[in-house]
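A.B. asks: Quick one: sequence and predicted model below, then my questions.
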Amino acid sequence: MKSLSFISLLCIISFTACTQNKDKQTTHKQEILQNMKLKIKIGEVELTATMYDNPTTKDFISMLPISTPLKDYASNEKIFYPERKLSTADAPSGYEAAKGDITYYAPWGDIAIFYKDFSYAGGLISLGKIDDNRIEQLKTLSGDKEVTFELAD
(Lines give C-alpha, C1' and ligand atoms only; values in the text may rest on other atoms or scores of the structure.)
Protein backbone atom coordinates (compact mmCIF):
# COMPACT_ATOMS: atom_id res chain seq x y z
CA MET A 1 0.00 0.00 0.00
CA LYS A 2 2.89 2.36 0.80
CA SER A 3 4.40 1.78 -2.65
CA LEU A 4 1.07 2.65 -4.30
CA SER A 5 0.95 5.95 -2.36
CA PHE A 6 4.55 6.68 -3.34
CA ILE A 7 3.79 6.02 -7.02
CA SER A 8 0.72 8.26 -6.82
CA LEU A 9 2.82 11.03 -5.30
CA LEU A 10 5.41 10.71 -8.07
CA CYS A 11 2.69 10.92 -10.73
CA ILE A 12 1.29 14.10 -9.17
CA ILE A 13 4.75 15.71 -9.01
CA SER A 14 5.48 14.76 -12.63
CA PHE A 15 2.12 16.11 -13.82
CA THR A 16 2.68 19.38 -11.94
CA ALA A 17 6.16 19.79 -13.46
CA CYS A 18 4.84 19.13 -16.98
CA THR A 19 1.99 21.61 -16.48
CA GLN A 20 4.38 24.30 -15.23
CA ASN A 21 6.68 23.71 -18.23
CA LYS A 22 3.73 24.02 -20.63
CA ASP A 23 2.67 27.25 -18.91
CA LYS A 24 6.23 28.57 -19.29
CA GLN A 25 6.14 27.82 -23.03
CA THR A 26 2.75 29.49 -23.42
CA THR A 27 3.64 32.70 -21.56
CA HIS A 28 7.19 33.01 -22.90
CA LYS A 29 6.12 35.05 -25.92
CA GLN A 30 3.39 37.06 -24.23
CA GLU A 31 5.45 39.03 -21.74
CA ILE A 32 6.14 42.35 -23.45
CA LEU A 33 9.38 44.21 -22.85
CA GLN A 34 8.26 47.48 -21.24
CA ASN A 35 8.74 50.47 -23.55
CA MET A 36 10.70 48.32 -26.00
CA LYS A 37 9.74 48.84 -29.62
CA LEU A 38 11.73 47.79 -32.63
CA LYS A 39 11.84 50.03 -35.71
CA ILE A 40 12.28 48.30 -39.06
CA LYS A 41 13.26 50.63 -41.91
CA ILE A 42 12.88 49.50 -45.52
CA GLY A 43 13.80 52.49 -47.68
CA GLU A 44 11.16 55.12 -46.85
CA VAL A 45 8.86 52.60 -45.14
CA GLU A 46 9.04 52.21 -41.35
CA LEU A 47 7.42 49.38 -39.42
CA THR A 48 7.35 48.96 -35.67
CA ALA A 49 7.27 45.78 -33.65
CA THR A 50 6.49 44.96 -30.04
CA MET A 51 9.30 42.92 -28.51
CA TYR A 52 8.83 40.15 -25.94
CA ASP A 53 10.68 39.89 -22.64
CA ASN A 54 12.94 36.86 -22.89
CA PRO A 55 16.73 36.26 -22.96
CA THR A 56 16.80 35.66 -26.73
CA THR A 57 15.07 38.96 -27.48
CA LYS A 58 17.36 40.83 -25.09
CA ASP A 59 20.40 39.30 -26.78
CA PHE A 60 19.06 40.34 -30.20
CA ILE A 61 18.42 43.89 -28.95
CA SER A 62 22.00 44.09 -27.66
CA MET A 63 23.19 43.77 -31.27
CA LEU A 64 21.15 46.71 -32.61
CA PRO A 65 21.31 48.60 -34.86
CA ILE A 66 21.60 46.03 -37.65
CA SER A 67 21.48 46.80 -41.38
CA THR A 68 21.24 43.71 -43.53
CA PRO A 69 19.61 42.36 -46.66
CA LEU A 70 16.59 40.12 -46.09
CA LYS A 71 16.16 36.98 -48.14
CA ASP A 72 12.89 35.26 -48.86
CA TYR A 73 12.72 31.73 -47.50
CA ALA A 74 10.15 29.07 -48.40
CA SER A 75 7.66 31.70 -49.62
CA ASN A 76 6.48 32.39 -46.07
CA GLU A 77 9.23 34.33 -44.27
CA LYS A 78 12.08 36.80 -44.66
CA ILE A 79 15.35 35.85 -42.98
CA PHE A 80 18.80 37.11 -42.13
CA TYR A 81 21.72 35.81 -40.09
CA PRO A 82 22.97 38.01 -37.25
CA GLU A 83 26.72 38.21 -36.66
CA ARG A 84 26.54 35.55 -33.94
CA LYS A 85 24.12 33.02 -32.50
CA LEU A 86 21.73 34.31 -29.86
CA SER A 87 21.10 33.07 -26.34
CA THR A 88 18.48 30.34 -26.00
CA ALA A 89 18.35 30.46 -22.18
CA ASP A 90 14.91 29.62 -20.79
CA ALA A 91 13.53 29.20 -24.33
CA PRO A 92 10.64 26.83 -25.00
CA SER A 93 11.34 23.77 -27.13
CA GLY A 94 9.58 25.31 -30.12
CA TYR A 95 6.93 27.69 -31.37
CA GLU A 96 4.06 27.88 -33.87
CA ALA A 97 4.66 31.09 -35.83
CA ALA A 98 1.90 33.34 -37.10
CA LYS A 99 1.85 36.10 -39.70
CA GLY A 100 3.84 39.07 -38.36
CA ASP A 101 5.95 37.12 -35.86
CA ILE A 102 9.63 37.92 -35.47
CA THR A 103 11.47 34.75 -34.45
CA TYR A 104 14.87 33.21 -33.97
CA TYR A 105 15.51 29.75 -35.40
CA ALA A 106 18.18 28.42 -33.03
CA PRO A 107 19.34 25.39 -35.07
CA TRP A 108 20.41 27.59 -37.99
CA GLY A 109 21.01 30.86 -36.14
CA ASP A 110 18.73 33.03 -38.30
CA ILE A 111 16.14 35.68 -37.56
CA ALA A 112 12.88 34.97 -39.42
CA ILE A 113 9.96 37.35 -39.93
CA PHE A 114 6.89 35.43 -40.99
CA TYR A 115 4.50 36.94 -43.52
CA LYS A 116 2.32 33.81 -43.50
CA ASP A 117 1.20 31.54 -40.66
CA PHE A 118 3.47 28.56 -40.09
CA SER A 119 3.25 25.26 -38.25
CA TYR A 120 5.05 24.38 -35.03
CA ALA A 121 8.83 24.18 -35.40
CA GLY A 122 11.25 22.85 -32.81
CA GLY A 123 14.00 25.37 -32.04
CA LEU A 124 11.89 28.38 -33.09
CA ILE A 125 11.79 31.17 -30.47
CA SER A 126 9.41 34.13 -30.53
CA LEU A 127 11.09 37.55 -30.23
CA GLY A 128 8.23 39.90 -31.05
CA LYS A 129 5.47 40.82 -33.47
CA ILE A 130 5.04 43.45 -36.20
CA ASP A 131 2.51 46.08 -35.05
CA ASP A 132 -0.68 47.01 -36.89
CA ASN A 133 -0.57 43.97 -39.18
CA ARG A 134 1.69 45.90 -41.61
CA ILE A 135 3.60 42.77 -42.53
CA GLU A 136 2.45 43.15 -46.14
CA GLN A 137 5.11 45.88 -46.52
CA LEU A 138 7.77 43.28 -45.79
CA LYS A 139 6.17 40.50 -47.80
CA THR A 140 6.36 42.47 -51.04
CA LEU A 141 10.12 43.09 -50.83
CA SER A 142 11.84 41.67 -53.85
CA GLY A 143 15.47 40.68 -54.06
CA ASP A 144 17.91 41.26 -51.24
CA LYS A 145 16.66 44.68 -50.12
CA GLU A 146 18.62 46.25 -47.25
CA VAL A 147 16.62 46.58 -44.02
CA THR A 148 17.65 48.38 -40.82
CA PHE A 149 16.58 47.16 -37.38
CA GLU A 150 16.94 49.61 -34.49
CA LEU A 151 15.26 50.59 -31.26
CA ALA A 152 12.39 53.02 -31.69
CA ASP A 153 12.63 56.35 -29.88
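C.D. replies: Thanks, I have the structure now.
A.B. asks: which residue ranges form the helices in this protein?
C.D. replies: 2-28, 55-61, 136-139 (DSSP state H).
A.B. asks: How far away from the center of its chain is the second one?
C.D. replies: Looking back up the chat, that one is helix 55-61. Counting by C-alpha atoms, centre = their mean, to the nearest Å, helix 55-61 is centred 10 Å from the centre of its parent chain.
A.B. asks: so what does that helix touch, helix or strand wise?
C.D. replies: In terms of contacts (3 or more C-beta pairs under 8 Å, 6 or more residues apart in numbering; DSSP states H and E), helix 55-61 is packed against strand 32-42, strand 124-130. Bear in mind the C-beta positions are built from the backbone N, C-alpha and C, glycine included.
A.B. asks: One more pass at 10 Å, please.
C.D. replies: Helices and strands touching helix 55-61, by 3 or more C-beta pairs under 10 Å, 6 or more residues apart in numbering; DSSP states H and E, are strand 32-42, strand 45-52, strand 101-105, strand 124-130, strand 146-151.
A.B. asks: Adjacent strands (with direction) for the fourth one?
C.D. replies: Going back to what we said before, that points to strand 124-130. strand 45-52 (antiparallel), strand 101-105 (antiparallel) (DSSP bridges).
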